[in-house]
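> My questions are about this predicted structure, shown below with the sequence.
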Amino acid sequence: MSWKQFVRSVEVAQRRAQREAQQRQRQFVRQAAESAREAARRQKQWAKEEKWLQQSGEAAQFEQYMDALVSLHTQWGAHWNWQAVSQTPPPTAPSPAHTAEAGARAALESYQPGFFDRLLGGAKSTRAQLETALAHAIALDAQRNEAAYARYQEDHRLWDANIRLAPNVLRLEPQACAVALKNAGSFDDIERFGTSVRLESVTGDVATLSVLIRDGEIVPEEELKMSATGKLSTKAIPAGRYWSIYQDHVCSCALRIALETFAVLPVRRAIVNIARTMLDESTGHMVRPTILALHVAREDLDRLNLDEIDPSAAMKNFPHRMTFKKTTGLSEVAPITPDEQWASS
């Protein structure tokens, strides 16, 4: 091969290498662009799915809230037997336990270094590790004993409070009854809605409670739903349905308060007067009209299948005052008092 042929062959090889390099570069660029497009597509899809999950979660939370509004009467607290409470012995103080220490100490005392441990000096290191483990075990036992004694102190405090409270509750002293309801957390679920509950009096076998619905927007005026296309939509609740939900909430609330009262207090009947805070447009002042007055006897409430009732329809089982129109909701009624003939007979 002459030198000219050699030069030409080198030039051909260089041009071929250059073309291949350009092809590889173009292929890399195409692949990078495709990867970028795929990443953008995945990111867009993830964002879409995340938005859908967030919106569906909001819709689910809205449905749960609406269900909670009208199902307060389906659960309540445990029954209190104050006679049994008054005879309950005090809790026993825990004895200090040394379980972890015993195991670690046994491991340390039973350790016998082998031939190679003695030969290579590992016995000292192993024994140090066992001694460290023993110290940790002693600290662990101390921590557990301290926690057990703290639980005992709390249990003893509650026992002492209940022992002192029981005779007064059995005598239906109003202040003791109010403390018993508070300690039991009887109205915590209701008060999470911003509604207040107060024991007004205990007369004979009748407990009278007043309730104030302070939140004017406790029933939303709009509902959230997921559309067929997967988007969160907002729609105004028709007036008839809105006031029907409001009535169900008020009645469910009244039944729950009676249930909680009967669970904690040894009374046979409960009067529940529910008022709401609203603006009197004729005076410009906030007023608190009573919108439901209910008298419940324990035996009448026990006969109901509370999981299946409509709370508003269930009012016909008890003496009550309630005026309802689908277009305007609940109107003001007179509260029930314990001295009324039909409420005290």
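Good, I have the coordinates.
> Spell out, range by range, the helices that occur in the stretch 151-300 of the chain.
For the stretch 151-300 of the chain, helices defined by DSSP state H, counting those that start in this stretch occupy the ranges 174-183, 188-191, 239-264, 298-302.
> buried residues in the first one?
So that's helix 174-183. Neighbour-count burial for helix 174-183 flags 176-181 (criterion: 16 or more other CB atoms under 10 Å). Just so you know, the C-beta spots here come from the backbone N, C-alpha and C atoms, and that holds for glycine as well.
> Tell me the one of those residues nearest Lys316?
Leu181 (27.4 Å; CB to CB).
> Need the pLDDT of the closest one.
If you check Leu181, the pLDDT there is 96.
> Begin at 27, not 1, for the rest of this chat.
Shifting the count to begin at 27 puts that one at Leu207.
> now it: how far from Ala85?
36 Å (CB to CB, to the nearest Å).
> State whether Ala301 and Pro315 are indeed in contact, as I suppose.
Yes: the criterion here is CB atoms under 8 Å, and Ala301 meets it with Pro315 at 6.1 Å.
> In terms of neighbours, single out the busier of those two.
Ala301 (21 against 14; other CB atoms under 10 Å).
> Give the full set of residues in contact with the more buried one.
For Ala301, the contact set (CB atoms under 8 Å, 6 or more residues apart in numbering) comprises 236-239, 314-317, 361.
> Please apply the same query to Thr260.
248-250.
> before we move on, what about Thr125?
Taking CB under 8 Å, 6+ apart, one finds Asp167 in contact with Thr125.
> Point out where the stretch 177-326 of the chain drops to low pLDDT.
Counting by pLDDT under 70, the stretch 177-326 of the chain has low-confidence residues at 252-256, 258.
> Tell me where this protein has strands.
Along the chain, the segments classed as strands by DSSP state E run 221-229, 232-239, 248-252, 258-262, 295-302, 304-306, 311-313, 316-323, 346-347, 349-351, 355-357.
> ok, and for the last one, which residues are buried?
Spelled out, it's strand 355-357. 355-356.
> Can you give the strand pairings for it, parallel or anti for each?
strand 349-351 (antiparallel) (DSSP bridges).
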